[in-house]
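Engineer: Got a predicted structure here, sequence first:
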Amino acid sequence: MTTPSLPEVSSPPAVEAAPRKRRPPRRVEVTRVQVLSPLMRRITLHGSELQGFEVNDPASYMKLIFPEPGQTEPDRPLPDGPRAKSMRTYTPLAVRPEALEVDVDFVLHGDGPASTWAAQVEVGQVLFLMGPGPGYKLALDAQQHVLIGDDSALPAFETILAALPATASIRLLMEVADAAEERALHSPAALATQWVVRGADNTQAGTALEAALRLAGPPAAEARIYLACEAAAMRRLRLLLINELGVDRARIVGRGYWKLGTVNHPDHDYGDEA
Ligand SMILES: Cc1cc2nc3c(=O)[nH]c(=O)nc-3n(C[C@H](O)[C@H](O)[C@H](O)COP(=O)(O)OP(=O)(O)OC[C@H]3O[C@@H](n4cnc5c(N)ncnc54)[C@H](O)[C@@H]3O)c2cc1C
């Protein structure tokens with residue numbers, strides 16, 4: 001039986017999107033584990049394949065590939081192969097090229113390949129790392145910087161704190177699951193940090209940030225704002241800043257770092273529609 005041929009429809013020539021170039025996977029080994037707080041681990045990754053791994057902007061990101069259940073080491077991803085199932089987005093916190101090391105801070109939030117791995121991590125375990133991807137373009141001429149987010153964005157915020165000069169001033173508003181997560185943060189800039197507590201109920205993500213932001217009132221008119229937390233909370237906070245506190249939307253950079261009830265939320269959620 002032959003398949004009836006469809007009438008030919010002339011259509012504009014397809015514009016081929018340039019394939020997104022994948023960075024080569026780099027095999028890395030855990031060489032140090034530090035307990036920063038009950039729910040935050042700083043994990044140092046090392047490997048000769050980190051040669052040439054360079055991060056130029058703060059709050060940039062990379063992809064980490066975790067072992068599947070039953071594996072001692074993840075499979076090395078092939079250039080044209082399928083995406084690894086257990087691949088998640090993390091912030092390169094500190095990169096030491098001469099030592100071929102990168103530090104990553106993991107929130108232990110509960111279930112999920114990344115969080116579960118970080119909760120059991122031991123020196124000698126292996127991951128694959130890909131990236132980095134672009135970060136936050138700092139307005140170095142701006143005097144006031146406001147950073148609003150939750151613990152998943154604390155590593156990104158720390159890279160911003162490290163990058164700002166002594167002439168800048170930073171207001172940092174940070175939501176954590178428990179008061180025991182609070183710790184000293186440092187920056188060459190003048191830094192005022194406010195911690196707020198979400199509690200164990202993640203459906204409350206962003207609520208404490210909203211209350212604190214309302215109480216604090218509008219940021220300085222020329223302030224640059226980086227806002228990164230749970231995706232729906234980020235949208236609510238963005239609207240609060242714009243509609244209630246009169247912030248010019250062009251001064252806000254938003255990032256949904258995770259999404260309540262969603263596995264592997266995409267890393268390019270900016271909430272610009274809000
Ligand atoms: C650019 C960027 C940089 C990031 N940098 C870091 C970083 O340096 N450190 C870090 O810890 N996270 C960081 N994140 C967030 C991290 O990618 C997510 O938390 C990721 O979902 C964790 O993967 P998982 O395998 O543990 O959980 P998943 O399998 O993705 O999710 C499982 C469940 O856990 C929930 N969940 C996921 N993350 C959280 C959380 N933080 N708190 C509460 N519940 C959660 C989800 O809603 C889902 O229900 C970053 C995200 C982005 C986009």
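Structural biologist: Nice, I can see it.
Engineer: Which strands and helices lie in contact with the longest strand seen in the chain?
Structural biologist: Looking across the chain with DSSP state E, the single longest strand is strand 26-37. Judged by 3 or more C-beta pairs under 8 Å, 6 or more residues apart in numbering; DSSP states H and E, the packing partners of strand 26-37 are strand 40-46, strand 101-107, strand 126-133. From N, CA and C alone the C-beta is placed, and that goes for glycine too.
Engineer: Helix or strand next in line after the first one, which one?
Structural biologist: Proceeding C-terminally, strand 40-46 gives way to strand 61-65 as the next helix or strand, assigned by DSSP states H and E.
Engineer: Leaving out the residues flanking it, which one is nearest to the one residue in the chain that gets nearest to the ligand?
Structural biologist: Minimum separation of the chain from the ligand (C-beta to the nearest ligand atom) falls at G112, amounting to 2.2 Å. Of all residues not flanking G112 in the chain, V263 sits nearest, at 7.1 Å (C-beta to C-beta, 6 or more residues apart in numbering).
Engineer: Count the residues that sit near that neighbour.
Structural biologist: For V263, the neighbour count with other C-beta atoms under 10 Å is 10.
Engineer: ok, back up a step: what's the neighbour count on the residue of the chain closest to the ligand?
Structural biologist: The number of residues packed near G112 is 18, by other C-beta under 10 Å.
Engineer: what does E175 give?
Structural biologist: Neighbours of E175 using other C-beta under 10 Å come to 28.
Engineer: Wait, it touches Q194, no?
Structural biologist: No - counting by C-beta atoms under 8 Å, E175 does not reach Q194; the two are 9.8 Å apart.
Engineer: Tell me which stretches of the stretch 101-250 of the chain form strands.
Structural biologist: Along the stretch 101-250 of the chain, counting by DSSP state E, counting those that start in this stretch, strands occupy 101-107, 126-133, 144-150, 169-176, 190-197, 224-230.
Engineer: Any chance of JSON lines for these, columns distance to the ligand and mean pLDDT?
Structural biologist: Formatted as JSON lines, the strands of the stretch 101-250 of the chain follow (distance: least, C-beta to the nearest ligand atom, whole Å; pLDDT from 0 to 100):
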{"stretch": "strand 101-107", "distance to the ligand": "4", "mean pLDDT": "98"}
{"stretch": "strand 126-133", "distance to the ligand": "7", "mean pLDDT": "97"}
{"stretch": "strand 144-150", "distance to the ligand": "7", "mean pLDDT": "98"}
{"stretch": "strand 169-176", "distance to the ligand": "10", "mean pLDDT": "98"}
{"stretch": "strand 190-197", "distance to the ligand": "14", "mean pLDDT": "98"}
{"stretch": "strand 224-230", "distance to the ligand": "7", "mean pLDDT": "98"}
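Engineer: what residues are up against A216?
Structural biologist: Residues in contact with A216 (C-beta atoms under 8 Å, 6 or more residues apart in numbering) are 171, 173, 194.
Engineer: I misspoke; the intended subject was A208.
Structural biologist: A208 neighbours (C-beta under 8 Å, 6+ apart): 175, 196-198.
Engineer: Next, format these as JSON lines and append distance to A274.
Structural biologist: Formatted as JSON lines, these follow (distance: C-beta to C-beta, whole Å):
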{"residue": "E175", "distance to A274": "18"}
{"residue": "V196", "distance to A274": "21"}
{"residue": "V197", "distance to A274": "25"}
{"residue": "R198", "distance to A274": "20"}
